[in-house]
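# Could you look at this predicted model? Sequence included:
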Amino acid sequence: SGRISEVSDKAFRLYMISSILDAAAYMGFYVCIINISKTGEVLHYLFCGFGVICYISHLILNSKFNKLTKQEAPETEENETPEITEDDIEVDTLSEEDEEEIKELINNGKATFYIGFDPTADSLHVGHFMALCLMKRMQMAGNKPIALIGGGTGMVGDPSGRSDLRQMLTPETIQHNCDCFKQQMSRFIDFSDGKALMVNNADWLLKLNYVELLREVGACFSVNNMLRAECYKQRMAKGLSFLEFNYMIMQSYDFYMLYQKYGCNMQFGGDDQWSNMLGGTELIRRKLGKDAYAMTITLLLNSEGKKMGKTQKGAVWLDPNKTSPFEFYQYWRNVSDADVMKCLKMLTFLPIEQILEMEHWEGSQLNTAKEILAHELTELVHGKEEADKAEAGAKALFAGGADADIPTTTLTEADLQDGSIDILGLLVKSGLSASRSEARRSVEQGGVSVNGEKVTDVKIQYAGEDLQGEGITLKRGKKSFKKIVMA
């Protein structure tokens with residue numbers, strides 16, 4: 001019936017006549033077979049002929065009907081999901097009244113908002129920077145942030161942006177990661193005196209009864225609309241598990257609970273979370289009859305359109321044990337000229353007038369701007385003392401100082417073979433190269449030096465005695481350094 005509603009009256013008439021002829025054909029065949037022994041030969045053939053004629057007529061009209069509906073119905077590729085229309089779901093655009101209400105909430109410090117963080121690792125990274133800085137700015141404007149730690153959703157794993165199933169973490173690992181997040185977030189957000197909240201969705205998700213949850217919110221979610229969501233489309237090719245399919249419901253339920261418990265009326269998240277966030281606003285509207293809002297956060301991209309926060313060694317972490325303060329400082333010190341001003345505006349809390357003045361800087365002045373950026377962000381994450389040490393270490397290193405405060409790799413006798421180690425081994429042990437083959441290429445291309453002298457021999461050895469005391473300074477490329485010492 002849904003298909004018939006899309007076509008013209010002519011097609012509908014064809015469909016009805018074809019259906020009647022189809023029924024008549026079956027009736028003729030039925031009478032022919034049932035009464036084969038009760039009727040004469042002539043009547044028998046008449047019934048059979050009537051059935052054949054009706055059935056052929058049905059096929060002809062049905063073919064015309066299919067051609068007509070194909071012309072008039074919207075064209076879609078085979079197995080393609082139809083485009084969502086305004087008839088399918090409520091349009092998620094803002095009216096002028098809604099936009100003014102959001103401005104009123106945020107600019108006057110009346111918003112209680114949340115951002116979720118799934119504990120998939122034991123540290124936050126630079127990819128979380130935009131969310132953390134937004135929370136800090138919103139709090140400075142008088143709004144109340146809620147940092148939602150996904151102790152419950154972490155048990156399932158978010159399928160957004162993934163082409164495969166996330167690794168299942170143990171409850172103990174998830175709890176450890178949550179504890180690490182709390183410590184790192186405290187450097188950005190003031191949790192004192194109820195100015196901000198940090199809650200764990202495990203407090204309500206892990207206590208849910210499945211049947212009760214289905215009865216409470218199941219009718220509020222359309223499976224058709226869920227399958228259209230971008231976060232699920234990316235997984236459909238390789239298979240979307242029912243476990244992950246529940247993630248949207250769980251995240252929506254978070255917003256629903258936070259609204260009831262804390263008056264949370266706004267959620268922020270990345271573009272890949274948009275469908276999940278809309279699910280939450282819709283659940284609040286359907287169950288509570290209230291308005292709630294969702295807004296996306298801009299991704300931190302460089303001038304080439306690539307995500308920032310990655311190095312040859314991997315992610316740039318906020319945990320000093322995973323990315324040292326010196327390495328963290330160096331990452332920001334080495335951003336491109338085209339990105340420094342954007343990073344100053346988006347990630348630091350310097351007066352905007354000061355940053356706008358820097359926009360006129362050129363040449364060597366841009367290096368000063370990068371130093372300011374690196375120091376501000378390192379101080380924000382690791383504190384002023386570590387930021388000062390990283391800055392001093394970087395300047396001493398580039399000035400040729402031997403006592404530069406740079407990351408150190410300590411070797412033991414177990415790392416040596418016959419009392420020495422080759423240059424390739426040093427590069428791998430220090431983390432400057434991921435493998436010996438990568439290290440070999442760096443040496444052969446002239447990108448490795450020890451104590452300021454270029455290394456060209458891939459077989460050169462360093463004895464344990466060479467690494468005693470101050471050790472050696474190993475450099476790969478122009479910006480990666482490590483001090484190597486013996487324990």
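Yep, it's here.

# From here on, just use CA atoms for contacts and neighbour counts.
Noted.

# quick one, what contacts residue 141?
Residues counted as contacts of residue 141 (C-alpha atoms under 8 Å, 6 or more residues apart in numbering) are 106, 107, 108, 109.

# Pretty sure residue 140 is one of the things the first one touches, is it not?
No. With contacts defined as C-alpha atoms under 8 Å, residue 106 does not count as touching residue 140, sitting 10.8 Å away.

# Those two - which one has more neighbours?
Each of residue 106 and residue 140 has its neighbours counted (other C-alpha atoms under 10 Å); residue 106 has more, 19 against 13.

# Work out for me the element residue 249 sits within.
Under the criterion DSSP states H and E, the helix or strand holding residue 249 is helix 247-262.

# and that helix, how far from the chain's centre?
19 Å (C-alpha atoms, centre = their mean, to the nearest Å).

# contacting residues around that helix?
Outside helix 247-262, the residues that touch it by C-alpha under 8 Å, 6+ apart are 112, 153, 156-159, 201, 205, 221, 264-265, 267, 275-281, 283-284.

# cool, and stretch 291-309?
The contact list for stretch 291-309, computed with C-alpha under 8 Å, 6+ apart, reads 125-127, 130-131, 265-271, 273-274, 277-278, 281, 284-285, 315-316, 338-339.

# 7 Å - rerun?
Residues from elsewhere that reach stretch 291-309 (C-alpha atoms under 7 Å, 6 or more residues apart in numbering): 126-127, 130, 265-271, 277-278, 281, 285, 315-316, 338-339.

# now do stretch 268-285
With C-alpha under 7 Å, 6+ apart as the test, stretch 268-285 has contacts from 114-115, 160-161, 220, 229, 231, 248, 251-253, 255-256, 290-298.

# quick one: the strands in this protein?
Listed in chain order, the strands of the chain (DSSP state E) span residues 112-117, 144-149, 197-200, 266-269, 293-296, 310-311, 314-315, 408-411, 420-422, 448-450, 453-454, 461-463, 472-476, 480-486.

# Could you pull up the residues touching residue 325?
Residues near residue 325 by C-alpha under 7 Å, 6+ apart: 378, 382, 386, 390.

# how about the nearest residue to the last one, chain neighbours excluded?
This points to residue 390. The shortest distance from residue 390 to any non-neighbouring residue, by C-alpha to C-alpha, 6 or more residues apart in numbering, is to residue 326 (4.6 Å).

# okay, stretch 472-487 in CSV with CA atoms only?
Provided in CSV are the C-alpha atoms of stretch 472-487 (Å, rounded to 0.1, in the frame of the first residue of the first chain):
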residue,chain,number,x,y,z
ILE,A,472,74.7,10.6,24.1
THR,A,473,72.1,12.8,22.4
LEU,A,474,70.5,11.0,19.5
LYS,A,475,68.7,13.0,16.9
ARG,A,476,66.4,11.9,14.1
GLY,A,477,65.3,14.4,11.5
LYS,A,478,65.2,18.0,12.5
LYS,A,479,62.8,17.8,15.5
SER,A,480,63.1,14.5,17.3
PHE,A,481,65.7,14.1,20.1
LYS,A,482,66.4,11.6,22.8
LYS,A,483,69.2,11.4,25.4
ILE,A,484,70.5,7.8,25.8
VAL,A,485,72.1,6.8,29.1
MET,A,486,73.0,3.5,30.9
ALA,A,487,71.3,2.6,34.1
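
# May I see the buried residues of it?
Neighbour-count burial for stretch 472-487, with 16 or more other C-alpha atoms under 10 Å as criterion, is recorded at 472, 473, 474, 475, 476, 480, 481, 482, 483, 484, 485, 486.

# For the closest residue to the second one other than its chain neighbours, which residues are in contact?
Beyond its immediate neighbours in the sequence, the residue positioned closest to residue 473 (C-alpha to C-alpha, 6+ apart) is residue 483, lying 4.5 Å away. By C-alpha under 7 Å, 6+ apart, the contact list for residue 483 reads 406, 407, 408, 409, 471, 472, 473, 474.

# Using pLDDT, spot the least trustworthy of those residues.
For these, the weakest pLDDT value sits at residue 406, with 72.

# Show the contacting residues for the residue nearest to residue 390.
Neighbour list for residue 326: 390, 406, 407 [criterion: C-alpha under 7 Å, 6+ apart].

# For burial, what's the neighbour tally of the last one?
Residue 407 has 20 neighbouring residues, counting by other C-alpha under 10 Å.

# My read is that it contacts residue 480, right?
No. Counting by C-alpha atoms under 7 Å, residue 407 stays clear of residue 480, with 9.9 Å between them.

# how close does residue 141 sit to residue 319?
Here residue 141 is placed at a distance of 28 Å from residue 319 (C-alpha to C-alpha, to the nearest Å).

# burial count for the spatially closest residue to residue 341 that is not a sequence neighbour?
Of all residues not flanking residue 341 in the chain, residue 359 sits nearest, at 6.7 Å (C-alpha to C-alpha, 6+ apart). Other residues within reach of residue 359, judged by other C-alpha under 10 Å, total 13.

# do the same with residue 385
Neighbours of residue 385 (other C-alpha under 10 Å): 10.

# Give me the distance between residue 180 and residue 124.
Here residue 180 is placed at a distance of 8 Å from residue 124 (C-alpha to C-alpha).

# list the contacts for residue 145?
Residues in contact with residue 145 (C-alpha under 7 Å, 6+ apart) are 112, 113, 114, 135, 139, 196, 197.

# In TSV, list the residues you listed along with neighbour count, distance to residue 374 and pLDDT.
As requested, the contacts of residue 145 are exported to TSV (neighbours: other C-alpha atoms under 10 Å; distance: C-alpha to C-alpha, whole Å; pLDDT from 0 to 100):
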residue	neighbour count	distance to residue 374	pLDDT
112	24	31	96
113	28	29	97
114	26	28	97
135	25	21	95
139	22	23	95
196	20	27	94
197	18	29	94
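
# of the contacts of residue 325, closest to residue 444?
Set against residue 444, the nearest of the contacts of residue 325 by C-alpha to C-alpha is residue 390 (30.4 Å).

# related to what we said a few turns ago, as CSV, the contacts of residue 145 with distance to residue 56 would be great.
Listed next are the contacts of residue 145 as CSV, based on distance: C-alpha to C-alpha, whole Å:
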residue, distance to residue 56
112, 68
113, 66
114, 65
135, 70
139, 75
196, 74
197, 73
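
# Tell me which of residue 180 and residue 124 has more neighbours.
residue 124 (24 against 17).

# how near is the spatially closest residue to the more buried one that is not a sequence neighbour to residue 119?
With sequence-adjacent residues excluded and distances taken as C-alpha to C-alpha, 6+ apart, residue 124 is closest to residue 318, at 5.7 Å. With distances taken as C-alpha to C-alpha, residue 318 is found 14 Å from residue 119.

# So between the two, which is more surrounded?
Taking neighbours as other C-alpha under 10 Å, residue 318 and residue 119 compare with residue 119 leading, 26 against 23.

# All set, thanks.
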